[in-house]
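Asks: Quick one, structure for this:
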Amino acid sequence: MPKVSVIVTVYNVEDYLERCLQSLSAQTLEDIEILLVDDGSTDQSGRICDEYARKHANARVIHKENGGVSSARNAGLDAATGEFIGFVDSDDFVEPECFARVYGAAVRTGADVVCFGFASVWGDEAVMKVVGGEERLFDGNRNAFCAQFDRQFKYFCWDKIYRRRLFEGLRYPLGRIYEDAYLLPALLSRAGRLLMLPDVLYYYRMRVMSITHVRDGRLNQWLEATMPLVEIAREKYPEDIDKAWGRYNIIQLRSIDAIFECDHFRKHPCWKYQYRLLWKRLGSILFLRCPQVRPMRRVYALAALLCPDLTAAYVRARCRRNRRLLTYEH
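Replies: Modelled structure (predicted):
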């Protein structure tokens, strides 16, 4: 049995794929399985995967009709044989010691899930933001689940490895975006221990067309993806339900942020629904005893309702400043 199965979902990323595969070839963990899931690519991505598998005995390629990232990850999960599961997006790359480091930490601590730091990059070298912290062990099922409410925790699948048995009977939802947020609460509700490592081992490529930055009618799915967290907390951890609703409130305000980023925010297909929902849930945002929603964000919620045009102008100005900071000239 391989120590780690790394699932790489691939769709029309020929310009970035070789950089990703080079980083996987350099892994210092000896017993590693690389599963390349070609999700119906129409460029040269499938050919690049096949060439890689011919040169590397530990790599397999799964060619399938296009079904989206959840379908591709599920195909990888069905084929995986490793003790642990890891994910790498095909336009990203990892440090050579990435999986050796996190697997070793899992063995050392008995963790079922190991989270690690990542850096957002523009190009291959320009590090824009580092997410890390001190090494911390969340021991016990409830503590592992509640790690989601820690500010260091991120709702991505690729900054973690998971014991494969956690996925038994669980798969990513088809036809959805924010699929990581849907599944993570269920996975963590099965974990006995979760470890957070400070090591920055993963490089997330910032791209204009990244699915993470979708700002269309599917935006409401972000809130929908948070409901499993609330439902599991209500059923298994009722003493932590306020924390779960606090997370929901954060995503609600971030959804408003995303709408305000549009020049004509009132024409956004989700604006009316989100605006009405913000009025409906304002009491929870303002008065819920939850440190996740900071005081300035509560003020922001009021401003978004009472002065939406002015608040939108502020958000767009902030976004323009951030884009200038992200500009990287080779």
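
Asks: now for the biggest strand by length in the chain, which elements pack on it?
Replies: As assigned by DSSP state E, the longest strand anywhere in the chain is strand 193-205. Judged by 3 or more Cβ pairs under 8 Å, 6 or more residues apart in numbering; DSSP states H and E, the packing partners of strand 193-205 are strand 84-89, strand 93-94, helix 98-109, strand 113-122, strand 126-131, strand 136-139, helix 141-146. Just so you know, the C-beta spots here come from the backbone N, C-alpha and C atoms, and that holds for glycine as well.

Asks: next SSE after it?
Replies: helix 220-236 (DSSP states H and E).

Asks: who's in contact with that next one?
Replies: Contacts to helix 220-236, defined as Cβ atoms under 8 Å, 6 or more residues apart in numbering, come from residues 145, 148, 176-179, 181-186, 189, 240-241, 243-245, 247-248, 251-252, 254-255, 258, 270, 273-274, 277.

Asks: From those residues, which land in helices?
Replies: In helices, judged by DSSP state H, the following of the contacts of helix 220-236 are found: 145, 179, 181-186, 241, 243-245, 247-248, 251-252, 254-255, 258, 273-274, 277.

Asks: Select only the buried ones of these in ChimeraX?
Replies: The ChimeraX selection below is limited to those of those classed as buried (16 or more other Cβ atoms under 10 Å):
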select :145,179,181,182,183,184,185,186,243,244,245,247,248,251,252,255,258,274,277
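
Asks: Give me the helix or strand of this protein that scores worst on average pLDDT.
Replies: strand 126-131 (a mean of 57; mean pLDDT, DSSP states H and E).

Asks: Against residue 148, how distant is residue 203?
Replies: 23 Å (Cβ to Cβ, to the nearest Å).

Asks: Output the below-cut-off pLDDT ranges for this structure.
Replies: The chain contains residues with pLDDT under 70 at 123-133, 207-215, 321-330.

Asks: Pick out the residue closest to the middle of it.
Replies: Residue closest to the average C-alpha location in the chain (Cα atoms, centre = their mean): residue 156, at 1.7 Å.

Asks: Leaving out sequence neighbours, find the closest residue to that residue.
Replies: Of all residues beyond its chain neighbours, the one nearest residue 156 is residue 180 (5.5 Å), with distances taken as Cβ to Cβ, 6 or more residues apart in numbering.

Asks: Residue 47 versus that neighbour, what's the distance?
Replies: 29 Å.

Asks: ditto for residue 157
Replies: Taking Cβ to Cβ, one finds residue 157 at 26 Å from residue 47.

Asks: neighbour count winner among the two?
Replies: Neighbours per residue (other Cβ atoms under 10 Å) separate residue 157 from residue 47, with residue 157 holding more: 22 against 12.
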